[in-house]
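Asks: Fold the following for me, if possible:
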Amino acid sequence: MSQPAGNDDHFWTERRREMVLDPNSVNLNGGTLSPVPKPVFDAVTDLRRRQAAAPSDFCWRQTPPLINRARTSLANYLHCREADLLLLPNVTFAINIITRSLKLPAGSEILTSDHEYGAMLFCWQRFAREHDVTIRQITLPHRTEDPGEIVDAIANAISLKTSVVFFSHCTTSTGLILPAREITQAVRARSDALVIIDGAHAPGMVPLNLDEIDADFYGANCHKWLMAPAGSGFLHVAAQRRTLLESLITSWGWEYDRTKYEDDSTWGGNFWQRDLEFQGTLDRCPQMAIADALEFRESLGGDRAIAERCRYLTNYAREKLGAVGLTCIAPKNPAFTGSLISFEFPCNNPIEIRDRFWNEFHIECPVTDTSVGRFLRVSCAWFNSPGDLDRLAAAVAQMKR
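Replies: Model (predicted):
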């Protein structure tokens, strides 16, 4: 099929019919948890029906090939080895595996930024409290038009004490896309610090080649821009770092011959993957449906077509919200902006504003509360329309009166 244009509203409106959406509201918060395409919803529902009908058969015989299918599909999409990829519930789980496993030298430093997601920062604060290490947060030059300034800000902050460099590929509060590969290269040139990336928003928004990024650990979600069901995420681990990790949950995967960790466990992965993924009996159907979410993306024209649509919408949002007096904080350099775009939105109570959007206008759109300001964060997914953004602009104008 020919690739649809980003401004082809007829094409995208027709495909919007394939989403599970509330027809009476506007969802501009797919960056928290996306609505699910109907084919993906149908796939995960069918898997759960099969699980309910024959639970033991599903767990013992059907699950391994279904997990293998999902892992293969996701590894191909991410450009990485299947053997290095863990399928997990979400990025929070992924970062917790890391912080509950690492053993850093006493007195060392974790270098991060002032744009990190609160739950991830809590992981490191807990780690620092339990170990003799410190956290150093630098100020990101988030209004720059030059990616090199961000690379330099992080690289120049590295010291002899730095054992971990942790940053977001796409910042959750402002939507700023960081040059992950260049940052990793700069860290490698200066130190032996571990590079750990929170890629929560990247899959489905940013073209990903994890082998090229070359981080030690890269965790992310599939329930945002990939539009897989909630409960689907991953952790990619550099092959030489796999032995650093210990399972959060001790279960049947824990006991195995550590010299054979890459051997097939017959469970849906190698023995190392079984150890870190197996948490007792739970519902892994969302992870199995990752493959279906990726197939659906291809039916839309793939990453390039979706990115063009989202860029068209973010540019439209910049124009329409600017017209009602909001200042966009996203750089104009397209390298920095994906499907999230944020606007200065000073207010006393961000949660109250978020709920006003919903209760008064039936619009889901959050106001983020960060150390660098409060921002209206607009998620422009391919299923959104210019009309959705017109409604948001009208609501903002009414609230400002």
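Asks: going forward, measure contacts between C-alpha atoms and count neighbours the same way
Replies: Noted.
Asks: The residue nearest to Ala128 when sequence neighbours are not counted: what's it in contact with?
Replies: Nearest residue to Ala128 in three dimensions, chain neighbours excluded: Thr134, at 5.8 Å (CA to CA, 6 or more residues apart in numbering). Going by CA atoms under 8 Å, 6 or more residues apart in numbering, Thr134 touches 107-110, 128.
Asks: switch the cut-off to 7 Å
Replies: 108-110, 128 (CA atoms under 7 Å, 6 or more residues apart in numbering).
Asks: and what of Val26?
Replies: By CA under 7 Å, 6+ apart, the contact set of Val26 is 362-364, 388.
Asks: Buried ones from these, can you make that a ChimeraX selection?
Replies: ChimeraX command restricting the contacts of Val26 to the buried ones, with burial defined by 16 or more other CA atoms under 10 Å:
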select :362,363,364,388
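Asks: Tell me which entries of the contacts of Val26 lie within strands.
Replies: 363-364 (DSSP state E).
Asks: Checking Asp42 next. Helix, strand or coil?
Replies: On the three-state scheme (DSSP: H, G, I helix; E, B strand; the rest coil), Asp42 is labelled helix.
Asks: how much space between it and Thr368?
Replies: 33 Å (CA to CA, to the nearest Å).
Asks: With neighbour numbers in mind, choose between these two.
Replies: More crowded of Asp42 and Thr368, by other CA atoms under 10 Å: Thr368, with 21 against 14.
Asks: so what's the more buried one up against?
Replies: 173, 350, 374-377.
Asks: Counting only strands, which of those make the cut?
Replies: Using DSSP E, these in strands are 374-377.
Asks: Name the nearest of these relative to Phe278.
Replies: The shortest approach to Phe278 among the ones in strands among the contacts of Thr368 belongs to Arg377, at 35.5 Å (CA to CA).
Asks: Could I get the pLDDT score of the closest one?
Replies: At Arg377, the predicted lDDT confidence score is 98.
Asks: Across the sheet, point out what pairs with it.
Replies: Ser342 (DSSP bridges).
Asks: That one: how many residues sit nearby?
Replies: Neighbours of Arg377 (other CA under 10 Å): 23.
Asks: do Ser299 as well
Replies: Residues within reach of Ser299, counting by other CA under 10 Å, total 10.
Asks: begin at 39 from here
Replies: Let's use 39 as the start, then, which means that last one is Ser337.
Asks: Spit out the contact partners of it.
Replies: Ser337 makes contact with no residue, according to CA under 7 Å, 6+ apart.
Asks: picking up where we left off before, can you pull the pLDDT of the residue nearest to Ala166?
Replies: Note for Thr172: predicted pLDDT of 98.
Asks: Then Met39?
Replies: The model's pLDDT for Met39 equals 53.
Asks: repeat for the one 5 residues further on
Replies: At Gly44 the predicted local confidence, pLDDT, stands at 89.
Asks: Name the nearest residue to it, sequence neighbours excluded.
Replies: Arg347 (3.6 Å).
Asks: Is that neighbour in a helix, a strand, or coil?
Replies: Secondary structure, three-state DSSP: Arg347 is helix.
Asks: Gly186 versus that one, what's the distance?
Replies: Counting by CA to CA, the gap from Arg347 to Gly186 is 27 Å.
Asks: More neighbours: which of these two?
Replies: Shown here are Arg347 and Gly186; by other CA under 10 Å, Arg347 has more neighbours (25 against 13).
Asks: For that one, give me its contacts.
Replies: When contacts are counted by CA under 7 Å, 6+ apart, Arg347 touches 43-45, 420.
Asks: So what's the gap between the strand or helix carrying Glu187 and the chain middle?
Replies: Per DSSP states H and E, Glu187 falls inside helix 185-193. Taking CA atoms, centre = their mean, to the nearest Å, one finds helix 185-193 lying 22 Å from the centre of the chain it belongs to.
Asks: what is the rounded mean pLDDT of that helix?
Replies: The average pLDDT for helix 185-193 rounds to 97.
Asks: Can you dump the C-alpha atoms of it in CSV for me?
Replies: This file holds the C-alpha atoms of helix 185-193, laid out as CSV (Å, rounded to 0.1, in the frame of the first residue of the first chain):
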residue,chain,number,x,y,z
PRO,A,185,21.3,18.3,20.4
GLY,A,186,25.0,18.7,21.1
GLU,A,187,24.2,20.9,24.1
ILE,A,188,22.3,18.1,25.8
VAL,A,189,25.0,15.6,25.1
ASP,A,190,27.6,18.1,26.5
ALA,A,191,25.5,18.8,29.6
ILE,A,192,25.5,15.2,30.5
ALA,A,193,29.0,14.3,29.4
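Asks: Pull out the buried residues from that helix.
Replies: Buried, per 16+ other CA under 10 Å, within helix 185-193: 185, 188-189, 191-193.
Asks: Reformat those residues as CSV; add distance to Arg394.
Replies: Shown next, in CSV, are the buried residues of helix 185-193 (distance: CA to CA, whole Å):
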residue, distance to Arg394
Pro185, 36
Ile188, 35
Val189, 38
Ala191, 38
Ile192, 38
Ala193, 41
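Asks: Tell me which two of those sit farthest apart.
Replies: Taking CA to CA as the measure, these span a maximum distance of 12.5 Å, between Pro185 and Ala193.
Asks: which helices and strands sit right next to the helix holding Glu187?
Replies: Contact analysis of helix 185-193 by 3 or more CA pairs under 7 Å, 6 or more residues apart in numbering; DSSP states H and E lists helix 218-228 as its packing neighbours.
Asks: helices and strands around the helix it packs on, which ones?
Replies: helix 185-193, helix 248-251.
Asks: Compare those and give me the one nearest Val129.
Replies: That would be helix 248-251 among the helices and strands packed on helix 218-228, by CA to CA, at 15.5 Å.
Asks: No further questions, thank you.
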